[in-house]
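Chemist: A structural model of the following input is requested.
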Amino acid sequence: MDLNLGDKVAVITGASRGIGRAIARMLASEGMRLVIAARSGDLLDEVARACGTAVVPVAIDLRQSDAPQRLIATAAEHFGRVDLLVNNAGATKRGDFMALSEADWEDGFALKFFAAVRCTRAAWPLLQASSGSLINIVGVGGRTGSAEFAIGGSVNAALMNLTKVLADRGIQDGVRVNAINPGSIATERLQTRIKSFAAEQKLSLADAANAMAARLGIARFGEPGEIARLVAFLASPAAAYCQGSIIDVDGGQTRTL
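Modeler: Next up, the predicted model:
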């Protein structure tokens, strides 16, 4: 299926690994030109080589208040336009609410929430000019609270509300805004948790993964490429009537409305 994304320009944050890396490779395969951002320059260079298309890697810490503006300015300088912004950066610390420090909370909101706010603000005029699209990669923890995911759940809930706010604004400005809530996706971060669980329970990695999935009430963990394919669809004209959509991709983990 031709998604009509060829030669359009995407900015992807958190693109050095996991879901962000899969998104970059998927959009490159659809012919998009990319600006990819993360803190690790070496990993970004690997992604750029794997994409094999017009890719500008930008090693940058989006927690710095001026960094999002510099990132979008780089995209404008190299390509003269932005058709898609994917806010994917940010991982939050897990742990019991009483054990999490002020610094943990500040860091969690700084990268995942405030970086998304600032990248969006910087990119909005360019997205408006191109009748472009914004996609926030959020997470199902924003729908269902968990004692071990206080920061992440709070950040994700805020991002979902922001998605609705920006979608409302986007109707008048001609910018499509949607969000994806990944469930448990088999990224490096999840693999680390599986290894720890396997060691604690004296299980093989496969048995540990199956046991963890069963605890969540799902048949298996997701793959980064499954999120990436949905990003490509939402960015395309095929999803032209999606505005303010928040789509759970979690194998059925979320059972609430």
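
Chemist: dump stretch 11-26 to CSV, keeping only the CA atoms.
Modeler: What follows is stretch 11-26, C-alpha atoms only, in CSV (Å, rounded to 0.1, in the frame of the first residue of the first chain):
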residue,chain,number,x,y,z
VAL,A,11,11.3,14.9,12.8
ILE,A,12,11.5,12.0,15.2
THR,A,13,12.6,12.3,18.8
GLY,A,14,14.0,9.4,20.8
ALA,A,15,15.1,7.8,17.6
SER,A,16,18.3,6.1,18.7
ARG,A,17,16.7,2.8,19.8
GLY,A,18,13.5,0.8,20.4
ILE,A,19,10.3,2.3,19.1
GLY,A,20,11.9,5.4,17.8
ARG,A,21,14.5,3.5,15.8
ALA,A,22,11.7,1.3,14.3
ILE,A,23,9.7,4.4,13.4
ALA,A,24,12.7,6.0,11.6
ARG,A,25,13.3,2.8,9.6
MET,A,26,9.6,2.5,8.7
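
Chemist: ok now that stretch, how far from the chain's centre?
Modeler: 8 Å (C-alpha atoms, centre = their mean, to the nearest Å).

Chemist: just stretch 19-38 next, same as before
Modeler: Here stretch 19-38 is found 12 Å from its chain centre; the criterion is C-alpha atoms, centre = their mean.

Chemist: residue ranges of the strands in the chain, please?
Modeler: Along the chain, counting by DSSP state E, strands occupy 9-13, 33-38, 55-59, 84-87, 133-137, 176-182, 246-249.

Chemist: distance to F97 and mean neighbour count added to those, as JSON lines?
Modeler: Where you see a C-beta, it was placed from the backbone N, CA and C, and this is true even at glycine. Shown next, in JSON lines, are the strands of the chain (distance: least, C-beta to C-beta, whole Å; neighbours: other C-beta atoms under 10 Å):
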{"stretch": "strand 9-13", "distance to F97": "27", "mean neighbour count": "29"}
{"stretch": "strand 33-38", "distance to F97": "29", "mean neighbour count": "27"}
{"stretch": "strand 55-59", "distance to F97": "34", "mean neighbour count": "20"}
{"stretch": "strand 84-87", "distance to F97": "26", "mean neighbour count": "29"}
{"stretch": "strand 133-137", "distance to F97": "24", "mean neighbour count": "26"}
{"stretch": "strand 176-182", "distance to F97": "22", "mean neighbour count": "25"}
{"stretch": "strand 246-249", "distance to F97": "24", "mean neighbour count": "18"}
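
Chemist: which stretch among these comes nearest Q201?
Modeler: Of all these, strand 176-182 sits nearest to Q201, with 24.9 Å by C-beta to C-beta.

Chemist: and the helix-or-strand element of the chain with minimal mean pLDDT, what does it pack onto?
Modeler: Across the helices and strands of the chain, mean pLDDT, DSSP states H and E gives its lowest value to helix 188-201, namely a mean of 89. Helices and strands touching helix 188-201, as assessed by 3 or more C-beta pairs under 8 Å, 6 or more residues apart in numbering; DSSP states H and E, comprise helix 205-215.
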